[in-house]
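Undergrad: dropping a prediction and its sequence here:
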Amino acid sequence: MANEGFCPDKFTFNTLISGLCKVGHVNHALEILDLMLQEGFDPDLFTYNAVISGLCKTGEVKEAMEVLSQMLSRGCTPNAVTYNAIINTLCKDNQVQEATELARFLTSKGVLPDVSTFNSLIQGLCLSSNFSIAMDLFFEMKTKGCKPDEFTYNILIDCLCTKGKLDEALRLLKDMESSGCARSVITYNTLIDGFCKIKKIEEAEEIFDQMEVQGVSRNLVTYNTLIDGLSKCKRVDEAAQLMDQMLMEGLKPDKFTYNSLLSYFCRTGDIKKAADIVQTMTTNGCEPDVVTYGTLIQGLCKAGRTEIASRLLRSIQMKGMVLTPRAYNPVLQALFKRKRIKEAMRLFREMEEKSESPDAVSYKIAFRGLCCGGGPIAEAVDFAVEMTERGYIPETSTFYMLAEGLCALDMEETLVSLVEKVMVKARFSDNEAAMVMGFLRIRKFEDGLASFGRVLNSQNPQKGYW
């Protein structure tokens, strides 16, 4: 531009820097900032805020701090926009202490934090499990005359609900009301979810009813949360009535709504009603998803209808839907229980090819099935090696079964080799490994396996999958 007789002024530089930052070309904006300085123009608050915000949006908080240092060294005083961008990014990066220190530093420079600053810090503290400090900051915020907003209260209420401290959450709701802060559907949904999670459905229903009194419109999340809570507490008739109510309020049930009811009927073994739910879902234009089918397959297997579950699995595959282990695992378990080992292992290998990779539950089911199924012990050994190499540690009780079989067949060397592999993957300490191997080398297999099992169980408490 200068070559053509047009000399950019400060406004031109600022406009260019702001535009580049908005479209994510922050490095180019930094080059223009350098050029601006070379041309003798002093960047102002607008310039620095644009660059700092741009850097924060791309997660380059260290570079943003460097620009802030330059800003201060050139005598340009930051404002709330400046430090809120950096503090918010630091908190999102779990650098809450650094964010707090920056807020204190800027306060000492006369730049007072606003509600956005406090909200970023409080949210960061809650996410990093520093709730008591977050509450201290909340009280400090009020003391300094900075009025908490809906977002402030919602963060703290959500954190209290997650911790199961519903009484404290309700007290905060009352504080919110007395301070004149509007309560939104998010506030109420958070409380309903909190009460449902600890199975206090009556309290959740009271909050649900309060919404109407306070003139807060319920949304799909409100209904879905309470329907799911009622279903899990075996109050499915009330859940169905609530679904009718949501329809009257003009809200259309979605997959989550139907899946909640479906889960209840599958848990109780009422396959007919479960199938009716899927049919209603489809009729109403709500396409069943992976969770729907996985739940139905689990229900069919629980009711002993493995063949129908297998056929459903095949029909879903033909639709091109990529299934999760949750859909495969119930069928896998049912086949192993019926000693249909070859068929079960074919299904396991199919999972590797046609769906998401088998998960920890898939491996534990297959390993236990191979050890209990009376098949070739070599297959169980090979599978134990395979699952260990893939980072899945064999279940202790099942490993004992395999160990007994190996000892009975005079295959102690194979057992020792397998134990060594598992100990490496399970990250046994040198002392733990030496103790186990000491017993095995002097052929005290029972003592060695007992020590091996104790260490494994201390790392991974056993859970039944059978």
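TA: Perfect, thanks for sending it. Every value quoted in this text rests on a predicted model; they were computed, and no experiment measured them.

Undergrad: which intervals of the chain have sub-threshold pLDDT?
TA: 1-6, 460-466 (pLDDT under 70).

Undergrad: report the buried residues of stretch 157-168.
TA: Buried residues in stretch 157-168, counted by 16 or more other Cβ atoms under 10 Å: Ile157, Asp158, Cys159, Leu160, Cys161, Lys165, Leu166, Glu168. Where you see a C-beta, it was placed from the backbone N, CA and C, and this is true even at glycine.

Undergrad: ignore the last one, stretch 388-396
TA: Here stretch 388-396 shows Thr388, Tyr392, Ile393, Pro394, Glu395, Thr396 as buried, counting by 16+ other Cβ under 10 Å.

Undergrad: where's the fourth one relative to Glu66, distance?
TA: When distances are taken as Cβ to Cβ, to the nearest Å, Pro394 and Glu66 turn out to be 51 Å apart.

Undergrad: list the buried ones in stretch 100-108?
TA: Thr100, Leu102, Ala103, Leu106.

Undergrad: now flag whichever of those is closest to Thr190.
TA: Nearest to Thr190 out of the buried residues of stretch 100-108 is Thr100 (Cβ to Cβ; 25.1 Å).

Undergrad: which residues does that closest one contact?
TA: Leu121 (Cβ atoms under 8 Å, 6 or more residues apart in numbering).

Undergrad: and it, what helix or strand is that in?
TA: helix 96-108 (DSSP states H and E).

Undergrad: now that helix - C-alpha only, CSV.
TA: Extracted as CSV, the C-alpha positions of helix 96-108 are listed here (Å, rounded to 0.1, in the frame of the first residue of the first chain):
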residue,chain,number,x,y,z
VAL,A,96,-6.5,-22.4,37.7
GLN,A,97,-3.7,-21.4,40.1
GLU,A,98,-2.0,-19.4,37.3
ALA,A,99,-5.4,-17.8,36.4
THR,A,100,-6.0,-16.9,40.1
GLU,A,101,-2.5,-15.4,40.4
LEU,A,102,-3.1,-13.3,37.2
ALA,A,103,-6.4,-12.0,38.6
ARG,A,104,-4.7,-11.0,41.8
PHE,A,105,-1.9,-9.3,39.9
LEU,A,106,-4.2,-7.3,37.7
THR,A,107,-6.4,-6.3,40.7
SER,A,108,-3.2,-4.9,42.3
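
Undergrad: for it, what is the distance to the chain centroid?
TA: 29 Å (Cα atoms, centre = their mean, to the nearest Å).

Undergrad: what element comes up after it heading to the C-terminus?
TA: Next element after helix 96-108 (DSSP H and E): helix 115-127.

Undergrad: correct me, but Pro358 touches Met351?
TA: Yes. Assessed by Cβ atoms under 8 Å, Pro358 is found in contact with Met351 at 5.1 Å.

Undergrad: the spatially most central residue of the chain and Phe256: what is the separation?
TA: With the centre of the chain defined as its mean C-alpha position, the nearest residue by Cα atoms, centre = their mean is Leu127, 12.5 Å away. To Phe256, Leu127 is 25 Å away according to Cβ to Cβ.

Undergrad: again, but for Asp136
TA: In terms of Cβ to Cβ, Asp136 sits 37 Å off from Phe256.

Undergrad: can you give me the end-to-end span of stretch 387-395?
TA: Stretch 387-395 has an end-to-end distance of 11 Å (Cα to Cα, to the nearest Å).
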